[in-house]
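**Q** Provided below for reference: sequence and predicted model.
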Amino acid sequence: MLIKNISVPIFTGKHNQIQKNTHNQTPINQGLTQDIVTFKGRNNLSAEEKYQRALDIVDCFSKDQIQNMDDFDQKHLDGIQYGLKSFENLSFPQIYFILSNMGEITIPVVRDCSGMCPACYVNGRPKERNKDAISRMDFEDFKNLTNDIKEITHRLNFNCVEKSTQKSIQNTYGTGYYTLPSSALFYDSDGKDVWLQDEKGTIHEFPELNKMLYDATGLKGLFDTAGWSPKNSVVQKRIENIVKYYSNPEHEKEIDQINISVNTYHGIMQKANEYKNKGDIESYNRMKKAYINNIVNAMYTCTPLVEKDCYQILIKAVDDRQGEGFKDYNKDAIFNLIKEIISTLHIRYMSDIENNNYKYAKTEEDVINLVSKHIKKFSPLITSLSPSTRDNIFATIDDDYDYIKDQKNVSYDDVTKQKLSSILIDVNGKVYLQNDHEVFKTDICLNFKNKDKEAKQIYPLPDKRTINTKEKIFN
Ligand code: SF4
């Protein structure tokens, strides 16, 4: 076992410098002969020396022998990140903090949403015009990050992400919050808007970005959409390509869920209900029809996935205890909406047959079969909502995150062990720890091109304290 550079003889003395022979301009080292040799350890190793030392330490162990990164004195692994652009200026404990909390990882490459759902717990909102805050990640930053995660896993000869996902499963198993590890390229945005453009102007779409993250972490991706207007040909084409890609059995392993989210409080439905309550039934019907058409178009577009495990339709509504004020958004409202969605989907497939388009169905029986398959994909009703920050009817909603309300002064350990805790990396490289409805700042910012730029405000508003990842305390 060879460990280089732990205690290296060094030369001391003011003559230990390269000097020039002024006669023939040949460099000579006059100092060497007068120097005193000491065997004191050097504290100020160069970056390359630290890197070599870290590799040598890792090389002492086979893959099976390392059960945990805590088996190492982490300060001696500092330097293993040498040359990895996005980890530049971070300490190894900071990098390890990221890698070891990836039971779930959220890297929202875009942070704009046009959904305007008033009960959106992350307050998804459209692009803020005339503001300096950035809302889309730089492609090179994303590429560097995924490459760097892959490379550091290789250098460590240890899959931190895999260990962290096992921990996440163990911690949540049996709690009722059991979660399978996954990754998301969105946070307060819709999957339909996930893409990045590189310096040459090439657009990189969801499947490619998701594959990059999958290759780096082994985590399957999530894709959620709340629907889109069929008239939007760019988005329509984008989703058709995504559906085609994941219909291929070879790519199934890269994706965990493709979800269509149907809820009574989508921004369009909220507007429709406002019209209804003012007695403007014509406008109510027009808005409701627009929403139903968007959802039906999304379901129709996902037809090739209808038998795949990854495809799901999430249905959400306000729970009954919220009272009369929320009757437009409750269980009855969502079930009525779903009935209209199903009958419109049936009409959509039937109109194909009438127009001699036999892409998905040839007979009415085929249509009924297809519609039934979609119906089987409806999730159980989700009623766990929380108010967004918008000043509207939903601002008074009674949310049910008691475990958070009861833990206002959580400790560092509570946070890192909290159910569903996961890393969130913002578009400017700032790293947060978030769980179900809580966000904590950390002292980590990746070395992104945009690290000095402001990003859109994160919601829920982060805890006032910052996690000091090295000391494992709050600052
Ligand atoms: S719930 Fe989804 S679609 Fe609605 S505003 Fe939030 S992020 Fe956007």
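**A** Thanks, I have the structure now.
**Q** Pull out the buried positions in the longest helix along the chain.
**A** The helix spanning the most residues in the chain, taking DSSP state H as the definition, is helix 331-354. Neighbour-count burial for helix 331-354, counted by 16 or more other CB atoms under 10 Å, picks out 333-334, 337-338, 341-342, 344-346, 348-349, 352-353. C-beta coordinates here come from the backbone N, C-alpha and C atoms, glycine included.
**Q** Which ones, among the residues you listed, also lie beside the ligand?
**A** Subset of those in contact with the ligand: empty, counting by CB under 6 Å from any ligand atom.
**Q** Throw these into CSV and include pLDDT, thanks.
**A** Output for those, formatted as CSV (pLDDT from 0 to 100):
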residue, pLDDT
333, 96
334, 97
337, 98
338, 98
341, 98
342, 98
344, 98
345, 98
346, 98
348, 98
349, 98
352, 98
353, 97
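**Q** can you tell me which two in those residues are farthest apart?
**A** The two members of those with the most space between them (CB to CB) are 333 and 353, at 31.6 Å.
**Q** What segments of the stretch 51-200 of the chain are strands?
**A** Under the criterion DSSP state E, counting those that start in this stretch, strands of the stretch 51-200 of the chain are mapped to 104-106, 182-184, 195-197.
**Q** Near the ligand, which residues of this protein are found?
**A** 113, 115-117, 120, 122, 124, 188-190, 226.
**Q** residues in contact with the closest residue to residue 212 other than its chain neighbours?
**A** Leaving aside its chain neighbours, residue 212 sits nearest to residue 146 (4.4 Å; criterion: CB to CB, 6 or more residues apart in numbering). The neighbourhood of residue 146, defined by CB atoms under 8 Å, 6 or more residues apart in numbering, consists of 212-213, 215-216.
**Q** follow-up on the earlier one: with respect to the ligand, which of the buried residues of helix 331-354 is nearest?
**A** Ranking those by separation from the ligand, with CB to the nearest ligand atom as the measure, puts residue 334 on top at 14.5 Å.
**Q** so where's this protein shaky on pLDDT?
**A** 1-43, 62-72, 130, 167-180, 400-408, 417-421, 436 (pLDDT under 70).
**Q** How about the stretch 351-475 of the chain: which residue is closest to the ligand?
**A** Of the stretch 351-475 of the chain, the residue with the smallest distance to the ligand, taken as CB to the nearest ligand atom, is residue 388 at 7.8 Å.
**Q** sec struct for residue 223, please.
**A** For residue 223, the secondary structure call by DSSP: H, G, I helix; E, B strand; the rest coil comes out as strand.
**Q** Adjust the sequence numbering to begin at 655 for everything that follows.
**A** New numbering, starting at 655: the last item is residue 877.
**Q** can you tell me how far it sits from the ligand?
**A** To the ligand, residue 877 is 12 Å away according to CB to the nearest ligand atom, to the nearest Å.
**Q** Quick check: closest non-adjacent residue to that residue.
**A** Computed as CB to CB, 6+ apart, the closest residue to residue 877 that is not its neighbour in sequence is residue 845, at 4.3 Å.
**Q** Could you give the number of residues near the one you found?
**A** With neighbours defined by other CB atoms under 10 Å, the count for residue 845 comes to 24.
**Q** my read: it touches residue 881, true?
**A** No. Counting by CB atoms under 8 Å, residue 845 stays clear of residue 881, with 10.9 Å between them.
**Q** Are any of the contacts of residue 800 buried, and if so which?
**A** Neighbour counting by 16+ other CB under 10 Å classes 866-867, 870 among those as buried.
**Q** Where helices are concerned, which of these count?
**A** Using DSSP H to define helices, the subset of those located there is 866-867, 870.
**Q** got those as JSON lines, with distance to residue 810 columns?
**A** Supplementary listing: those in JSON lines, determined by distance: CB to CB, whole Å:
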{"residue": "866", "distance to residue 810": "20"}
{"residue": "867", "distance to residue 810": "18"}
{"residue": "870", "distance to residue 810": "13"}
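**Q** Out of those, which is nearest to the ligand?
**A** Using CB to the nearest ligand atom, residue 867 comes nearest to the ligand of those, at 19.3 Å.
**Q** I'd like the distance between the closest one and residue 773.
**A** Distance from residue 867 to residue 773, counting by CB to CB, to the nearest Å: 28 Å.
**Q** Now do the contacts for residue 745.
**A** Neighbour list for residue 745: 732, 1124 [criterion: CB under 8 Å, 6+ apart].
**Q** Please report how far it lies from the ligand.
**A** Here the distance between residue 745 and the ligand works out to 34 Å (CB to the nearest ligand atom).
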